[in-house]
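>>> Give me coordinates for this.
(2 chains)
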Amino acid sequence: MLHLLGVNLPDQKVVSVALTYFYGIGPQTARKICSQLSFHQECKLSELTENQLNQLSGVLSEMSIENDLRRKVSANVKHLREIGTYVGKRHAMGLPVHGQRTRNNTKTAKKLNGRLLRKYSTSAFGIFHAPISKHF
Amino acid sequence: MLRTGRIFQSATAARVPLRTTGRVRMLNTSPTPAKQVVKTDRMRSTAFIRKDLLGEKHVRSGTATSVNMANANPIYYEKQPKLHVEALNARTAITEHAGKIMQIDMPALLYRKCTQDLVDQFNAYKEQGPKRASVLNGKNGIGKSAELMKLASVAASSGCIVIYAHSTVSWVNSSRPYAPQSHSDQFTQLEITSGLLRSIDAVSRDALKKVPLGKAFAIGKRNLSEEHTLADLVSFGIHTPALAHDVLEHFLDLASTQTQVPVLMAIDEVNTFWCSTLYRDQQDQILPAGRLRLIRSLLPFFEGQKSVAKGWVLGATSYVNPRFMPKDLNKKLNPPPAVPLANPELASNPKLLASQPSLPFDIIKMSELTAVEAWVLMHFYHRMNIVSAPVTKDLVAKKWMMSSGNPRQLFAGVTTFI
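Below is the predicted model:
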């Protein structure tokens, strides 16, 4: 396993697939990174030289991935809640944000939305701005 | 009474579980004999006789276990008979051998009438090369790649310089490393180019030694004098992969202009030279084949910009992977039949009768197998135990008509079990 920027990447995988193991990199971004660095499609991580790995690290460190990206997303949701937007309130209530129906089929929203706000519940901010129960 | 899948118990015998796959046999002669089930081990094949394999490592390949065919049960498997046929070379490439099975190293191929035509044409071009390249074209499985291989074999054995690339799809399908070239829009493929130089050296080493460079020049930090030969140049390119492209370009220039030794350039799947590759540039745009330096060095020979002084430039198309057959090239190679228009007004309309732009190379249309060739091929398959039934005229006629004279379909027709 190759350890790169805090993530363990499987050696025997193709580079464009291994890069998707980073939070914030999907197949399209991985393909663009490979094109930028001229890695052919069947190139495996174990075949990369030291120089190529350094170039890859350099490109990845300029991108917003992993914890940086998680912090950004969390800050964006928190900001929406602070300024009292509709989207912020929906996140706080753990309900769908993009206008979906709530009569049924809201399981994903209830599981995922607002989780970034819930971990602030013990702070002074969280006490006053805790997720509002739908029964209120 | 015994029931399959049920436990049988007798007064004297212990409870013996029955299995649905097992056989039952009587163990002793007591009044109520106990029946012991002999378990059939489904993990052991009955097609092979197990021999003592002490010290012999069981080879594994992929997900299946490779079996040593030396232990094959002779009841089920017959050994392939040894082939005693003439080898195809410059001496045996004659009209009298048309319709015979001949050997090229390991595989054996049919020496067809069209093969003889190609050999005769190449012998004519040995004195003076043509201005345009030629390309073998035809349906899938008609024998384009096989004819190219046979011609390359004959040329190599007759002491010519042979540049033979049997699969150029690997040059464009993004399976091998590539790198951008500095101060240029081209991309280099050092590994593939080095491999091509190695194959040229392996096939035509003696012929390369006969051709001196004729002029001194420098490649990288190495200076080559005019006494050095093409063999030294190719050898230098093999041992210095970083300069493989420069070496190949110099080699092509010198080999195409020299007149001491004829040159055969045989490129299979030549349609990849005009396709969009699977490589991408640094802006994530698809690379056309012309931006690969290796293909760019060979393309002028097929576009009429360069020619060989003595010898022939021959290519073969491939329709196996339509991704690498450009649509416009396909239309030019296989134009629709020109049906004369009955209406004189329409017939005189220039827009309707716009002529197809001509191709920069000549097309050689491959022909189907003749009945005699199919007969020889079927006899060969029978000799090699590929066809077990006796070969009769009816069988050959049936297989030949069903395959429409296509060699690949003929082989598929005799090997597929329906």
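
>>> Show me which residues of stretch B:394-410 are buried.
For stretch B:394-410, a neighbour-count test (16 or more other CB atoms under 10 Å in any protein chain shown) marks B:395-396, B:399-400, B:403, B:405-407, B:409-410 as buried. Glycine gets a C-beta too; all of them are placed from N, C-alpha and C.

>>> How far off centre is stretch B:274-282?
23 Å (CA atoms, centre = their mean, to the nearest Å).

>>> contact partners of that stretch?
A:31, A:34-36, A:38, A:40-41, B:172-174, B:178, B:180, B:187, B:286-292, B:323-326, B:329 (CB atoms under 8 Å, 6 or more residues apart in numbering or on different chains).

>>> ok, of those residues, which come out buried?
Buried, going by 16+ other CB under 10 Å: A:31, A:34-36, A:38, A:40-41, B:172-174, B:178, B:187, B:287, B:289, B:291-292, B:324-326, B:329, out of the contacts of stretch B:274-282.

>>> quick one: which of these sit in helices?
Judged by DSSP state H, helices contain the following of these: A:31, A:34-36, B:172, B:329.

>>> Kindly indicate which of these lies nearest B:Ala87.
B:Val172 (33.5 Å; CB to CB).

>>> just to revisit the earlier point, from the buried residues of stretch B:394-410, list the ones also adjacent to chain A.
Counting by CB under 8 Å from any CB of the partner chain, nothing from those sits close to chain A.

>>> Next to chain B, which bits of chain A? Give me the list.
Going by CB under 8 Å from any CB, the residues of chain A near chain B are A:31-32, A:34-36, A:38, A:40-43.

>>> pLDDT for those residues - can I get that in CSV?
Compiled in CSV, the residues of chain A next to chain B are given as follows (pLDDT from 0 to 100):
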residue, pLDDT
A:Arg31, 95
A:Lys32, 96
A:Cys34, 96
A:Ser35, 95
A:Gln36, 95
A:Ser38, 94
A:His40, 95
A:Gln41, 94
A:Glu42, 93
A:Cys43, 93
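
>>> Go ahead and confirm B:Ser307 touches B:Phe301.
Yes. Counting by CB atoms under 8 Å, B:Ser307 sits close enough to B:Phe301 to count as a contact (7.0 Å).

>>> Can you name the two of the ones in helices among the buried ones among the contacts of stretch B:274-282 that sit furthest apart?
Every pair of those checked by CB to CB; the farthest is A:Gln36 and B:Leu329, at 30.6 Å.

>>> circling back: out of B:Ser307 and B:Phe301, which sits in the busier spot?
Legend: neighbour count by other CB atoms under 10 Å in any protein chain shown for B:Ser307 and B:Phe301, higher for B:Phe301 (23 against 17).

>>> Grab the CA positions of whichever strand or helix holds the more buried one and hand them over as CSV.
Here B:Phe301 is covered by helix B:293-302, with elements defined by DSSP states H and E. In CSV, the C-alpha atoms belonging to helix B:293-302 read as follows (Å, rounded to 0.1, in the frame of the first residue of the first chain):
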residue,chain,number,x,y,z
ARG,B,293,6.0,11.0,-32.6
LEU,B,294,6.3,7.3,-33.5
ILE,B,295,3.3,7.4,-35.8
ARG,B,296,4.3,10.8,-37.2
SER,B,297,7.6,9.3,-38.3
LEU,B,298,5.9,6.4,-40.2
LEU,B,299,2.9,8.3,-41.5
PRO,B,300,4.7,10.1,-44.4
PHE,B,301,5.3,6.7,-46.1
PHE,B,302,1.6,6.0,-46.2
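
>>> Show me what that helix is packed against.
With contacts taken as 3 or more CB pairs under 8 Å, 6 or more residues apart in numbering or on different chains; DSSP states H and E, helix B:293-302 sits against helix B:169-172, strand B:187-188, helix B:190-209, helix B:244-257, strand B:263-268, strand B:311-316.
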